[in-house]
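S.K.: Below are the sequence and a predicted model for it; my questions follow.
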Amino acid sequence: RSRAQSNHSRSGLLCEIKSSIRNEPFSDHYSLIPGKELGRGKFAVVRKCVERSTGREYAAKFMRKRRKGQDCRTEIIHEIAVLELAASCQRVVNLHEVYELPIFTPGSDAAGGEIFNQCVAERDEAFKEEDVKRLLRQILEGIAFLHKNNVVHLDLKPQNILLTRNEPLGDIKIVDFGLSRMVSNNQEIREIMGTPEYVAPEVLNYEPISTATDMWSIGVLAYVMLTGISPFLGDDKQETFLNISQINISYAEEELERLDKAAIHFIKSLLIKEPQDRATAEECLKHQWLQMQEKNSAEELMKQKSASTSIPEPVSAEISSQQRKE
Ligand code: ADP
Ligand code: MG
């Protein structure tokens, strides 16, 4: 085991990357599309750009090297390493190239292709139960892959799940490995992090973090995708944390009544206080609610139509590709 872990430090951060970090000017190779901001997080802005040599469109994630006066190179290297580790996983965004730029270039304000948009939409624009099932399966496939490789994401929320397209609804891509960690048997990770509404009780109680921590967030995600309601959200952070630690959640919402009873069972198998009692990603994929898919993945449907054209997909850190190298 110890040899297999040589590439990650005590803190669960990977520290070796295969990509070479390019130092020549980013603008020699890419042009940014003006006003095309795809999204932003706490320390990053993601903008659409075009590779000059190929004309291909990519998403460029610009990450601040210094955050709150601290050098964050280690965290950035870790995020790159996780994307490399998941390069063969279709459900994780693809990494194309890495550049190191002298300055941080912020963009303008605009919305991205996050599932967040549909989660907060009015009912006729919101996801249908069938959509949620298909997208959740994909999210679970990606998470199962990561968990098999001992990576926990730790920041699963609608803002970090992207869609390859909206109309018709495409496939999902998991982004943002900024808070992710390597977990293994002989080390414990306890940290306060993530987004209040999606954070598991063990994180709040400063108890060990595991792959089950992501499974809690998937439970919250499923609830939000189905109802548009954030189940633990309180008026402030304190109230949200209290709701989570008491598992103060309502299964009596009108939005839930319209659903297959198996959907509630699925959510309940995840929103359980004890991490070891929660369903795993593999178990979730076998859950009755997620069976009987009459629709294939959007990708499969597209492949049937034309074998040659590939779907544009959203991508990440620092530059990630539209096309997957198959
Ligand atoms: P942070 O670590 O700051 O949260 P993210 O990786 O989550 O950064 O990126 C911020 C936002 O940018 C995401 O919530 C998403 O809306 C958008 N985004 C990230 N990666 C991509 C991508 N590859 N393609 C399109 N949009 C993206
Ligand atoms: Mg994010």
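M.R.: Sure, I can see it. Ligands and ions are numbered 1, 2, ... in the order given.
S.K.: drop to CA atoms for contacts and neighbour counts, all remaining ones
M.R.: OK.
S.K.: The stretch 151-300 of the chain: strands as residue ranges?
M.R.: Taking DSSP state E, counting those that start in this stretch as the criterion, the stretch 151-300 of the chain contains strands spanning 151-152, 161-163, 172-174, 181-182.
S.K.: Would you tell me which of the ones you listed gets closest to residue 255?
M.R.: strand 161-163 (22.2 Å; C-alpha to C-alpha).
S.K.: Could you see whether ligand 1 lies near that closest one?
M.R.: No - using C-alpha under 6 Å from any ligand atom, strand 161-163 stays clear of ligand 1, with a minimum separation of 6.7 Å.
S.K.: how distant is that strand from the center of its chain?
M.R.: 7 Å (C-alpha atoms, centre = their mean, to the nearest Å).
S.K.: quick revisit: and the strands of the stretch 151-300 of the chain: which comes nearest residue 197?
M.R.: Among the strands of the stretch 151-300 of the chain, the nearest to residue 197 by C-alpha to C-alpha is strand 161-163 (15.5 Å).
S.K.: Mind giving me the packing neighbours of that closest one?
M.R.: When contacts are defined as 3 or more C-alpha pairs under 8 Å, 6 or more residues apart in numbering; DSSP states H and E, strand 161-163 sits against strand 172-174.
S.K.: I would like the residues contacting the strand it packs on, please.
M.R.: By C-alpha atoms under 8 Å, 6 or more residues apart in numbering, the residues outside strand 172-174 that reach it are 90-93, 135, 138-139, 142, 160-164, 314-315.
S.K.: where does the stretch 201-326 of the chain have low pLDDT?
M.R.: 292-326 (pLDDT under 70).
S.K.: coming back round to it: quick check, nearest of the contacts of strand 172-174 to ligand 1?
M.R.: The nearest member of the contacts of strand 172-174 to ligand 1, counting by C-alpha to the nearest ligand atom, is residue 315 at 2.3 Å.
S.K.: Lowest pLDDT pick from the contacts of strand 172-174?
M.R.: Ranked by pLDDT, the contacts of strand 172-174 bottom out at residue 315, which has 40.
S.K.: Wasn't residue 34 part of a helix?
M.R.: No - Residue 34 sits outside any helix when classified using DSSP: H, G, I helix; E, B strand; the rest coil, being strand.
S.K.: Tell me, how many residues neighbour it?
M.R.: Residue 34: 11 surrounding residues under other C-alpha atoms under 10 Å.
S.K.: Would you check how far apart it and residue 62 are?
M.R.: Plainly put, residue 34 is 15 Å away from residue 62 if you go by C-alpha to C-alpha, to the nearest Å.
S.K.: do the same with residue 250
M.R.: From residue 250 to residue 62 the distance is 39 Å (C-alpha to C-alpha).
S.K.: now swap in residue 275 and tell me
M.R.: 34 Å.
S.K.: now residue 219
M.R.: For residue 219, the distance to residue 62 equals 30 Å [C-alpha to C-alpha].
S.K.: got it, and residue 125?
M.R.: Residue 125 is 31 Å from residue 62, by C-alpha to C-alpha.
S.K.: For the two, indicate the residue with more neighbours.
M.R.: Each of residue 125 and residue 62 has its neighbours counted (other C-alpha under 10 Å); residue 62 has more, 24 against 11.
S.K.: ok, and the closest non-adjacent residue to whichever residue of the stretch 101-250 of the chain sits closest to ligand 1?
M.R.: Residue nearest to ligand 1 within the stretch 101-250 of the chain (C-alpha to the nearest ligand atom): residue 176, separated by 3.6 Å. Leaving aside its sequence neighbours, residue 176 sits nearest to residue 160 (C-alpha to C-alpha, 6 or more residues apart in numbering; 6.1 Å).
S.K.: quick one: the one you found and residue 114 touch, right?
M.R.: Yes - in this structure residue 160 lies within contact range of residue 114 using C-alpha atoms under 8 Å: 6.8 Å.
S.K.: ok, the two, which is more surrounded?
M.R.: Set residue 160 next to residue 114 and count neighbours by other C-alpha under 10 Å: residue 114 wins out with 23 against 20.
S.K.: which one is the more buried one nearest to, not counting chain neighbours?
M.R.: Nearest one to residue 114, counting by C-alpha to C-alpha, 6+ apart, is residue 162 at 4.5 Å.
S.K.: give me the beta-bridge partners of that neighbour?
M.R.: Beta-bridge pairing of residue 162 under DSSP bridges involves residue 114, residue 173.
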